[in-house]
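**Q** Fold the following.
(one chain, ligands or ions: 2)
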Amino acid sequence: MENKLREYAELLVEVGVNIQKGQTLLLFAPVDHAPFARMCADVAYENGCREVVMMWNDDHMTRAKYLHADDAVFDEFPQYRADMMTMYAKEGAAFLHLISDDPENLLGVDSDRILRSHKASGQKLLEYRRYQDQNVFPWGIGALSSPKWAKKVFPALSEAEAVDALWDKIFMACRVKGDGTAVEAWRQHAENLRKHVEILNGYRFEKLHYENALGTDLWVELADEHIWEAGGDCTASGQDYMPNIPTEECFTANKKTGINGVVCASMPLCRDGNVIENIRFTMENGKIVKAEATKGEEILKAAISVDEGASYFGEVALVPYDSPISNSKTLYYETLFDENAACHFAFGKAYASNVKGGTEMSKDELKAAGLNDSITHVDFMVGTADLKVTGYTHDGREIPVFIDGNFAF
Ligand code: ZN
Ligand code: ZN
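**A** Numbering: from 1, shown residues only. Ligands and ions are numbered 1, 2, ... in the order given. Next up, the predicted model:
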């Protein structure tokens, strides 16, 4: 176990954010995971990190605040915190977020408080987000098994067994065996992802058609100058990094107003402690004109109403049905894992890097390029074993992209 944890810390710090000599690391971690956070800090310093700036967080404190803090607090986001994030982003520090949230932590909390809080932080962090869009700094996320999360995933197991079982799943998905091969295995996997990206970019599809027995029948126009990406990213100054470990997706940007038809989610969506089931969106000219769910419909409607762009899509992602996370047939209640279990879309903000020259574009230029903008970005899964995706090129060719849930090439 100790070996696997150490290897996982190396993977997140050396491949995830790829810490460089003289670079500052902002490390966000739950207080309950102090030992693992210390391990990450040690790895960072061994790699010549300038300083590890520690940012602790805690589920209990977050929940207590939402339940009991003064109501005005939820319309504020402290300027000093925005300044701090912006300052480190601007200097190109690495941001590593360790997460192990209880999926039900915010259950029963006033959703209006959550919404206002997201709005307040979104507005104060605009400059920080712009640096992120422009790829000024490397960032990454790593998930850590914890009792409440593990019990949610494995309700039939004892708490200790569940925590171990979830660690096993995390290590499997991240290709960590404890024998020092994770970094190499990860580079191999990244190479496979790159091959699919190359093929997709080669076709320069105008639109994709999604169909399955669940009821999805959706036409998706891609942004004219769209770029497919996967796994690895690179900062403007040339530092490679891998924001999401694990990752199985190839993703790009749709044209904001170019989505029509019906799309049905294939997995529940976990949002602020609430589970939304059987989502069904009806789309017209890119906008969600009807949002239905058999459970959590009100939460869903609130999530697509935080601003104008929240009711439009911003991401189109392809994930083979036969991927390690999908094959584990486990609902993780955590987007980092669940988004890699299936093809998905996101409602909300598009990634600037998904359009040619996008990272150097202004907000208006990104809009003109067809990209959606919002303070939110929420993935929801649509992939199934029978999913068929057909690509249409500008010169009228019809190319099978997905057959029976997996890449056709
Ligand atoms: Zn995605
Ligand atoms: Zn996404």
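**Q** longest single helix anywhere in the protein?
**A** helix 182-203 (DSSP state H).
**Q** what's near enough to touch the one residue sitting closest to the centre of the chain?
**A** In the chain, the residue lying closest to the centroid (C-alpha atoms, centre = their mean) is L336, at 5.5 Å. If you count contacts by C-beta atoms under 8 Å, 6 or more residues apart in numbering, L336 has them with I99, I141, A143, N244, P246. C-beta coordinates here come from the backbone N, C-alpha and C atoms, glycine included.
**Q** What are the buried residues along the longest helix of the chain?
**A** A182, W186, H189, A190, L193, H196, V197, L200, Y203 (16 or more other C-beta atoms under 10 Å).
**Q** what's the following helix or strand after it?
**A** strand 205-211 (DSSP states H and E).
**Q** re the thing from before, the contacts of L336 in helices, which ones?
**A** Among the contacts of L336, no member lies in helices (by DSSP H).
**Q** Make TSV from those and add distance to ligand 2 and neighbour count to it.
**A** Conversion of the contacts of L336 to TSV gives the following (distance: C-beta to the ion, whole Å; neighbours: other C-beta atoms under 10 Å):
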residue	distance to ligand 2	neighbour count
I99	15	18
I141	12	21
A143	16	26
N244	9	19
P246	14	25
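**Q** okay, these in a markdown table with pLDDT next?
**A** Putting those into a markdown table (pLDDT from 0 to 100) gives the following:
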| residue | pLDDT |
| --- | --- |
| I99 | 94 |
| I141 | 94 |
| A143 | 95 |
| N244 | 90 |
| P246 | 92 |
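**Q** sorry, back to before: which of the buried residues of helix 182-203 has the weakest pLDDT?
**A** Among the buried residues of helix 182-203, A190 carries the lowest pLDDT, at 85.
**Q** if I look at it, how far off is F171?
**A** 18 Å (C-beta to C-beta, to the nearest Å).
**Q** Among the contacts of L336, which pair sits farthest apart?
**A** I99 and P246 (13.3 Å; C-beta to C-beta).
**Q** hang on, the earlier thing: just say helix, strand or coil for the residue nearest to the centre of the chain.
**A** Applying DSSP: H, G, I helix; E, B strand; the rest coil to L336 yields a three-state assignment of helix.
**Q** got the residues of the stretch 301-409 of the chain near ligand 2?
**A** The interface of the stretch 301-409 of the chain toward ligand 2, taken as C-beta under 5 Å from the ion, is made up of E315, A346, D379.
**Q** hang on, the second one in a strand?
**A** Yes: assigned with three-state DSSP, A346 falls within a strand.
**Q** Number of residues surrounding it?
**A** 23 (other C-beta atoms under 10 Å).
**Q** now swap in the last one and tell me
**A** Counted by other C-beta under 10 Å, the residues lying close to D379 total 22.
**Q** could you point out which element follows the host helix or strand of it?
**A** Per DSSP H and E: D379 is located in strand 377-381. The helix or strand immediately downstream of strand 377-381 is strand 388-393, counting by DSSP H and E.
**Q** strands paired with that following strand, and their directions?
**A** strand 205-211 (antiparallel), strand 398-403 (antiparallel) (DSSP bridges).
**Q** Mind checking the pLDDT average for it?
**A** Strand 388-393 comes out at a mean pLDDT of 98.
**Q** just stretch 2-14 next, same as before
**A** pLDDT averaged over stretch 2-14 gives 95.
**Q** longest strand in this protein, by residue count?
**A** strand 254-264 (DSSP state E).
**Q** returning to that earlier point: just give me the closest of the contacts of L336 to K177.
**A** Using C-beta to C-beta, the contacts of L336 come closest to K177 at P246, 14.0 Å.
**Q** Around ligand 2, pick out the residues from this protein.
**A** Counting by C-beta under 5 Å from the ion, the chain sits next to ligand 2 at E315, A346, D379.
**Q** And these, which is the shakiest by pLDDT?
**A** Minimum pLDDT across those falls on D379, with 93.
**Q** give the contact list for that one.
**A** D379 neighbours (C-beta under 8 Å, 6+ apart): E315, A317, T335, D338, E339, H344, F345, A346.
**Q** Can you sort out which of the residues you listed also neighbour ligand 1?
**A** Answer for the contacts of D379 near ligand 1 (C-beta under 5 Å from the ion): A317, E339.
**Q** Tell me which two in the contacts of D379 are the farthest apart.
**A** E315 and D338 (14.4 Å).
**Q** Next up, the contacts around the residue in the stretch 201-350 of the chain that ligand 2 sits nearest to.
**A** Per C-beta to the ion, A346 is where the stretch 201-350 of the chain lies closest to ligand 2, at 4.1 Å. Each residue near A346 by C-beta under 8 Å, 6+ apart is listed here: F313, G314, E315, A317, H377, V378, D379, F380.
**Q** that older thread, just the C-alphas of the strand holding D379, formatted as PDB.
**A** Output of strand 377-381 as PDB, limited to C-alpha atoms (Å, rounded to 0.1, in the frame of the first residue of the first chain):
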ATOM      1  CA  HIS A 377     -19.200  23.400 -16.900                       C
ATOM      2  CA  VAL A 378     -20.900  20.200 -16.000                       C
ATOM      3  CA  ASP A 379     -20.300  16.800 -17.700                       C
ATOM      4  CA  PHE A 380     -23.100  14.300 -18.100                       C
ATOM      5  CA  MET A 381     -22.700  10.800 -19.500                       C
END
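**Q** I am finished for the moment; much appreciated.
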